[in-house]
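Asker: coordinates only, sequence not included:
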């Protein structure tokens, strides 16, 4: 039987043992769950490429886990964002068409990225991007989105058709474009078996905006409250398009945007102005020799840079920090080089073009650099709060003008009046 002193000593030793014993391993903190919505507007299996990037991020980050959801094209994504805003179920990160920055930021949905950019290096951080790609990133002087999958309209042309027609070089001017399109149009009696050229029409009036800039004009004022569609340059741009359809008869009056690549791949048109982001599809699908160059210029060169920006939605601070970690990773050079090489979108970080993955693409397809050079001639893609209604009115008027249902001047003047009334109500 233990003595009282032995019992006291045993108790002390037991207590010391508990004090010095290693603590049981603590459970690792659960990763912050981040939701990411993205559109893919050009097909070509890009949803799989996007998911592979998300998987790579998750594998390398134990503190953040991203769940990605494909949300259709840009307009469908915007509609889902609007519905989610009403339901209080917005994602943490999303790729939005870049001009929707000027719609979603004033509505209070987006979080300003100014503080995150300052911590990342401020102006030095922003200097990574081509300046033309930041034109639609601001609203009210604040940064709300960053470039991600960006593109410019370029001219794709059928080299075999050019050689057969005796055309040595792709057109560099509006005048040359008309002349080449006339030579390339093939008719069988009254039927056209191959158009000389196509300008597919999409919801954002992208090609028309480029024509306005090339005519020396502007589309919208810098304060985003006044349209300039009643000015001579805007009329000249639409008249040029009308002439291609109705005077020279080298272009169909209406080609839906998704149909354009199919027409080019199927040799139903010899030239097409389309997104630079379609290169991956054409490399997979086109069976003839083809090339791409910048859009032919009018009085000057110029395009509105399109495609998607990546943005954060307003959430609690810890959630936003996790979301920023993912967002900023997605626009780092390595990820941008991979995405650009697989898709044809422009790698938005300048240094991405020095990485081996993109160097291989440029070596095999040097015409890719035509897309980058057009960034030096980039203009703001018209947008503002309430601009979706303006955009849709212009889209409808363009179809009516090209179909000879209304004159160029009357059609544009009507859109200008309606649009200015809508823009006057913007904050």
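Answerer: The structure has been received and is ready for your questions. Keep in mind that what you see is a predicted model, and the values were worked out from it rather than measured.
Asker: just for this protein, where's the confidence low?
Answerer: 1-28, 41-44 (pLDDT under 70).
Asker: now with 50?
Answerer: Within the chain, the stretches with pLDDT under 50 are 1-20, 44.
Asker: all strands for it, in order.
Answerer: Assigned by DSSP state E, the strands in the chain fall at 32-38, 64-70, 93-97, 138-139, 142-143, 146-151, 153-158, 186-188, 191-194, 271-275, 290-294, 303-304, 306-312, 378-379.
Asker: what comes into contact with the first one?
Answerer: Spelled out, that is strand 32-38. 50, 54, 63-71, 77, 80-81, 91-95, 308, 318-319, 322-323, 326 (CB atoms under 8 Å, 6 or more residues apart in numbering). Yep, even glycine has a C-beta here, placed from its N, CA and C like the rest.
Asker: again, but for the fifth one
Answerer: Contacting residues not belonging to strand 142-143 are listed as 105, 112, 113, 114, 117, 126, 137 [CB under 8 Å, 6+ apart].
Asker: output those in TSV, with distance to residue 192 and neighbour count appended to each entry.
Answerer: Formatted as TSV, the contacts of strand 142-143 follow (distance: CB to CB, whole Å; neighbours: other CB atoms under 10 Å):
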residue	distance to residue 192	neighbour count
105	45	22
112	51	16
113	49	24
114	53	14
117	51	18
126	48	17
137	42	21
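Asker: what's the farthest-apart pair in those?
Answerer: Spanning the widest gap among those are 105 and 126, at 17.0 Å by CB to CB.
Asker: picking up where we left off before, narrow the contacts of strand 142-143 to those in helices?
Answerer: 114, 117, 126 (DSSP state H).
Asker: which one of those is nearest residue 235?
Answerer: Once CB to CB is applied, the member of the ones in helices among the contacts of strand 142-143 that ends up nearest residue 235 is residue 126, at 36.8 Å.
Asker: list the contacts of the residue nearest to the closest one when sequence neighbours are not counted.
Answerer: Sequence neighbours aside, residue 117 is the residue nearest to residue 126 in space, at 6.2 Å (criterion: CB to CB, 6 or more residues apart in numbering). Counting by CB under 8 Å, 6+ apart, residue 117 makes contact with 125, 126, 143.
Asker: pairing partners for the last one in the sheet, please.
Answerer: Read that as residue 143. Legend: beta-bridge partners of residue 143 under DSSP bridges are residue 138.
Asker: how near is it to residue 114?
Answerer: For residue 143, the distance to residue 114 equals 5 Å [CB to CB, to the nearest Å].
Asker: what's the answer for the first one, then?
Answerer: From residue 125 across to residue 114, the span is 11 Å (CB to CB).
Asker: thinking again about what came up before, CSV for the contacts of strand 142-143, including distance to residue 36?
Answerer: Supplementary listing: the contacts of strand 142-143 in CSV, determined by distance: CB to CB, whole Å:
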residue, distance to residue 36
105, 19
112, 19
113, 16
114, 22
117, 20
126, 22
137, 19
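Asker: of those, closest to residue 273?
Answerer: Among the contacts of strand 142-143, and counting by CB to CB, the member closest to residue 273 is residue 137, at 25.0 Å.
Asker: list the residues that contact the closest one.
Answerer: By CB under 8 Å, 6+ apart, the neighbours of residue 137 are 98, 101, 143, 144, 145, 146, 147, 309.
Asker: most neighbours among those residues, please name it.
Answerer: With neighbours taken as other CB atoms under 10 Å, the top of the contacts of residue 137 is residue 98, carrying 32 neighbours.
Asker: correct me, but it touches residue 309?
Answerer: Yes: between residue 98 and residue 309 there is a contact at 4.3 Å, judged by CB atoms under 8 Å.
Asker: who touches both of these two?
Answerer: Counting by CB under 8 Å, 6+ apart, the residues touching both residue 98 and residue 309 are 136, 137, 145, 147, 150.
Asker: can I get these in TSV with distance to residue 159?
Answerer: Shown next, in TSV, are the shared contacts of residue 98 and residue 309 (distance: CB to CB, whole Å):
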residue	distance to residue 159
136	34
137	37
145	37
147	31
150	26
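Asker: residue 208: which of the residues you listed is nearest?
Answerer: The closest of the shared contacts of residue 98 and residue 309, once distances to residue 208 are taken by CB to CB, is residue 136, at 17.1 Å.
Asker: if I look at the closest residue in space to that closest one that isn't next to it in sequence, how far off is residue 375?
Answerer: Distances taken as CB to CB, 6+ apart place residue 98 nearest to residue 136, at 4.2 Å, with adjacent residues excluded. To residue 375, residue 98 is 13 Å away according to CB to CB.
Asker: residues that sit against both of these two, list them.
Answerer: Contacts common to residue 98 and residue 375, judged by CB under 8 Å, 6+ apart, are residue 305.
Asker: next, count neighbours for the closest residue to residue 376 other than its chain neighbours.
Answerer: The spatial neighbour of residue 376 that comes closest, neighbours along the chain excluded (CB to CB, 6+ apart), is residue 132 at 7.2 Å. Look at residue 132: counted by other CB under 10 Å, it has 21 neighbours.
Asker: residue 132 contacts residue 378, doesn't it?
Answerer: Yes: with contact defined as CB under 8 Å, residue 132 counts as touching residue 378 (2.9 Å).
Asker: overlap in contacts of these two?
Answerer: Between them, residue 132 and residue 378 share the contacting residues residue 305, judged by CB under 8 Å, 6+ apart.
Asker: contact partners for the residue nearest to residue 310 when sequence neighbours are not counted?
Answerer: Of all residues not flanking residue 310 in the chain, residue 148 sits nearest, at 4.0 Å (CB to CB, 6+ apart). Residues near residue 148 by CB under 8 Å, 6+ apart: 95, 307, 308, 309, 310, 330, 331, 348.
Asker: now the contacts of residue 137 in a markdown table, with distance to residue 230?
Answerer: Below are these laid out as a markdown table (distance: CB to CB, whole Å):
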| residue | distance to residue 230 |
| --- | --- |
| 98 | 26 |
| 101 | 26 |
| 143 | 33 |
| 144 | 30 |
| 145 | 31 |
| 146 | 34 |
| 147 | 32 |
| 309 | 30 |
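Asker: let me know the closest of those to residue 341.
Answerer: Nearest to residue 341 among those, with distances taken as CB to CB, is residue 147, at 16.7 Å.
Asker: OK, contacts around that closest one?
Answerer: By CB under 8 Å, 6+ apart, the contact list for residue 147 reads 98, 129, 130, 133, 134, 137, 307, 309, 310, 331, 348.
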